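K.L.:
sequence and predicted structure are below.
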Amino acid sequence: MSAETLQDARRQIEICNACRYCEGYCAVFPAITRQTAFADGDITQLANLCHNCRGCYYACQYTEPHEFAINLPRVLAEVRTDSWKEFAWPSGFARAYDKHGVVMGSIVVLCLCVLIFVAGSLQRASGGEGFYAYMSHTLMVAIFAPAFVLPLLATFVSLRRYWVHVGGGPITLHSWRCALQDVAHMRDLGGGQGQGCNYEDEDRFSNARRIAHQLTLWGFVLCFASTASGTILHYVFDLPAPYGLLSLPKLFGIPGGLMLSAGTLWMIWLKLCADGGLSDARVRGGDMAFVLLLFAVSTSGLLLYASAGTGRMPHLLTFHLATVLALFLTLPYSKFVHGFYRLAATLWNADAT
Amino acid sequence: MTSPFDIIVVGGGNAALCAAIEAAEAGARVLILEAAPKPYRGGNSRHTRNFRCMHDGPLSVLIDSYGEDEYFEDLMRVTKGNTDEVLARMVIRSSQECLPWMAAHGVRFQPSLSGTLSLGRTNAFFLGGGKALVNAYYRTAQAMGVEVRYEAEVVHVGMTEGVFTHVDLKNGTQIEGRALVIASGGFQADLDWLAEAWGPAALNFLIRGTPYNRGVVLRDMLDQGAGSVGDPTQCHAVAIDGRAPKFDGGIVTRLDCVPFSVVVNKEGQRFYDEGEDVWPKRYAIWGRLVAAQPDQVAYSIIDARSRDLFMPSVFPPIEADTLDALRIRLGLPEETLHTIETFNAACGAGKFSPQELDGLATKGIMPAKTNWARPLTQPPYYAYELRPGVTFTYLGLQVDETARVRANGVPLANVWAAGEIMAGSILGEGYLAGFGMTIGTVFGRIAGREAADHVS
Ligand SMILES: Cc1cc2nc3c(=O)[nH]c(=O)nc-3n(C[C@H](O)[C@H](O)[C@H](O)COP(=O)(O)OP(=O)(O)OC[C@H]3O[C@@H](n4cnc5c(N)ncnc54)[C@H](O)[C@@H]3O)c2cc1C
Ligand code: SF4
Ligand code: SF4
């Protein structure tokens, strides 16, 4: 991790500890006031606890041009990115993601389109129904199972490194309950009193980001449930796709897809309005690419449903699967990991309070 | 008259904003003229954290009750009776309805901050502090159509026969209006003016708040015969970290280590009882004490045992393993060692108890240290440089209960004042935590309403 960034974060945190005016905004400040000295691990933990709501920036009497130059949202974002890169596994991959998110994302999608299309044409002769007329289910699983499991494994290794670095111990059931509740409600995006973030319009409080993020998160969870229920229907009940409108995969998938598309689109809009100087400029492109990729996944999935039985279907299928594959393959090295780290940081914090 | 504005408000802090919002709510066309650029808008109000609020029962974040008489007694104690009882009681009574008004206009409150529990009953803390409050008021005011100009320093108030007609800005612009609210704070940022009262020593003072409160309009009004209140030679000063910026260091430069330390001046001599009382009751006198020392500087020295007994401050202390090394690092004479040895020898046995007056006193030295007198023996040793930090000045404009300014013995037809610039009537000396914002809110609102009434 960059020693300079850490040192600047430490300097700012020490000023906040002497001030404490922002104590009511989020979990970061109460965590600061529990200590008087801040080791690198403490700062990394605080950084992962921050969710860039910016309340503390607009409330701060010491932002530039003041010589104290407080910009906690930015410096914590920088430490956060540094920590994800530091703990990424295998370490060599970490460099891939920070500056070139957009480029990398598109390349992955492109390669995968070609790859899957070729694989698909090879299988076409075998002739199934619906989706599987174009790609056998076994081939899909053969590609997707490892593409799903390996990134999760890599993320798990990273999180373990993080946990050691911040000095985390065994997690109690109580901590799990508190942390999952916080995440489920996105409590920290509420600004302490439910008034929301200072995100898209300077110091105006709004819940736009919280709602957009909830749509994205829960939309994603529903899409995931859709896929999972499809897999179970296929293997356990021997009911292969396509599924009717009232089947579980569709009941999860359609609202989930709509939520995810709307949420990501909204997030992109909010990100475009927000002041870039309060986040980590190095990963702006990468972050945007991640949200775009999510949008592509859900939107192509919805279009796929709509295109059943038409000639566009095979192309949409390939595209959709490619975006899903790209999303999971880049998971440990993209903005995707923020969710895992935030959960870890929230668990750590629940344990400390 | 062709001006698009009915009411001109001079200043952009709490009092100005409260006045502007009330006036706009009453339908007036209001212009705020703020001397500071936008990032520094809000004067000293941007540094505040709470306001003192009377309440007959639990109210918002405030617990129990805090009645008018108790509040007034607290005020009498700090001002030693130097207050206008009618105005003071009016402010106290009005404070109760201010809290909901503030909340309705965007201010958010939080329970008292960690380390300030003693204020949990009397003071309502602003979520995010004073700058968040100021931001909320600017949003509210602007949404109501109030126009705001930054970097718009008023240098002269134009009056004809006791009637306000226009203001002149530093950039040469002249703006006409039908009523004026002056809420431009004190004059503490004008060091030369402070030097008139304090002598050249004042040039070494640090100013805790905004550099824009230079008293330009106050002087202009006094020159035009406005009635004054408050002692022109007094200012409220506390001892703060000597390494603080010249202006705008705000809350984080405060130091709470004095009661647990030995304080010496540049000559290595002690000069006052460091343990006279609990710190919240004594911190305000240390500004003057330090101001009276050579070069207006002093050094608060502790040993390792006291390191974590007070709120952390913004700069790390100066540190050394021996007292001699520490004094050399501080540039203090050898005499310092002798002072500390004498102090150490004068400390007796007894129980040290940092949270209360423990009566652990020195024997046989002058000045004595009457509480928390524990010898400095445990390395490493730490020191903080202390300098006087000025919070505000007392001299201001005389007003009546309607916030109206007087000149040459008669009330002016259309000029009102609110906030620090008139607080001297009520806070003749001393200071009561959170009372500055209360005065500004109460009088700001009155001034806004009265001015709007006048122009409607
Ligand atoms: C570090 C610090 C902490 C404090 N904490 C508290 C607290 O917690 N609670 C409390 O009650 N009080 C506190 N105070 C005192 C409090 O700040 C003041 O009592 C209060 O802010 C006064 O409000 P005001 O609107 O009168 O003045 P200010 O907020 O100072 O506003 C004056 C405004 O006038 C503008 N101005 C000045 N001259 C001109 C001109 N010529 N033309 C145009 N504009 C001009 C300034 O730029 C400024 O915007 C604190 C003070 C300091 C320094
Ligand atoms: S961000 Fe600024 S106002 Fe908030 S606690 Fe830190 S120093 Fe204080
Ligand atoms: S940006 Fe928001 S979450 Fe992060 S430290 Fe500031 S107030 Fe807390």
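P.N.:
Great, that's in hand. Ligands and ions are numbered 1, 2, ... in the order given.

K.L.:
what sits against the residue nearest to A:R312 when sequence neighbours are not counted?
P.N.:
Excluding the flanking residues, the one nearest A:R312 by CB to CB, 6 or more residues apart in numbering or on different chains is A:L303, at 8.0 Å. No exception for glycine: its C-beta is placed from N, CA and C like everyone else's. A:L303 makes contact with A:312, A:316, A:320, according to CB atoms under 8 Å, 6 or more residues apart in numbering or on different chains.

K.L.:
quick check: A:L303 vs chain B, distance?
P.N.:
Distance, A:L303 to chain B, using CB to the nearest CB, to the nearest Å: 42 Å.

K.L.:
again with A:I13
P.N.:
A:I13 is 10 Å from chain B, by CB to the nearest CB.

K.L.:
mind listing residues that contact the host helix or strand of that residue?
P.N.:
If you go by DSSP states H and E, A:I13 is part of helix A:3-19. Helix A:3-19 is touched from outside by A:22, A:29, A:32-33, A:35-36, A:38, A:40, A:43, A:46-47, A:56, A:62, A:68, A:70-72, A:75-76, A:78-79, A:82, B:129, B:250-252, B:254, B:311-314, B:316, with contacts defined as CB under 8 Å, 6+ apart.

K.L.:
go with 6 Å
P.N.:
The contact list for helix A:3-19, computed with CB atoms under 6 Å, 6 or more residues apart in numbering or on different chains, reads A:32, A:38, A:40, A:43, A:68, A:70, A:72, A:75, A:78-79, B:251-252, B:312-314.

K.L.:
B:G215: which of those is nearest?
P.N.:
Distance to B:G215 across these (CB to CB) is lowest for B:I251, with 22.9 Å.

K.L.:
wait, what's in contact with the closest one?
P.N.:
So B:I251 contacts A:C19 (CB under 6 Å, 6+ apart).

K.L.:
so it versus B:P375, what's the distance?
P.N.:
32 Å (CB to CB, to the nearest Å).

K.L.:
closest residue of chain B to ligand 2?
P.N.:
Residue of chain B nearest ligand 2, by CB to the nearest ligand atom: B:G129 (5.3 Å).

K.L.:
could you measure from the nearest residue to that residue once chain neighbours are set aside over to ligand 1?
P.N.:
Using CB to CB, 6+ apart and skipping residues adjacent in sequence, the residue nearest B:G129 is A:Y21, 3.2 Å away. Using CB to the nearest ligand atom, to the nearest Å, we find A:Y21 at a distance of 10 Å from ligand 1.

K.L.:
got the domain boundaries for the chain?
P.N.:
Using chain A here. A:3-85, A:90-352 (automatic domain parsing).

K.L.:
oops, I was thinking of chain B
P.N.:
B:7-232+B:395-455, B:237-389.

K.L.:
drop anything exposed from the contacts of A:L303.
P.N.:
A:316, A:320 (16 or more other CB atoms under 10 Å in any protein chain shown).

K.L.:
B:L169: which of the contacts of A:L303 is nearest?
P.N.:
A:H320 (62.8 Å).

K.L.:
what sits against the closest one?
P.N.:
A:300-301, A:304.

K.L.:
now it. Nearest residue, chain neighbours left out?
P.N.:
A:S300 (3.9 Å).

K.L.:
swap in A:S175?
P.N.:
The shortest distance from A:S175 to any non-neighbouring residue, by CB to CB, 6+ apart, is to A:A350 (4.0 Å).
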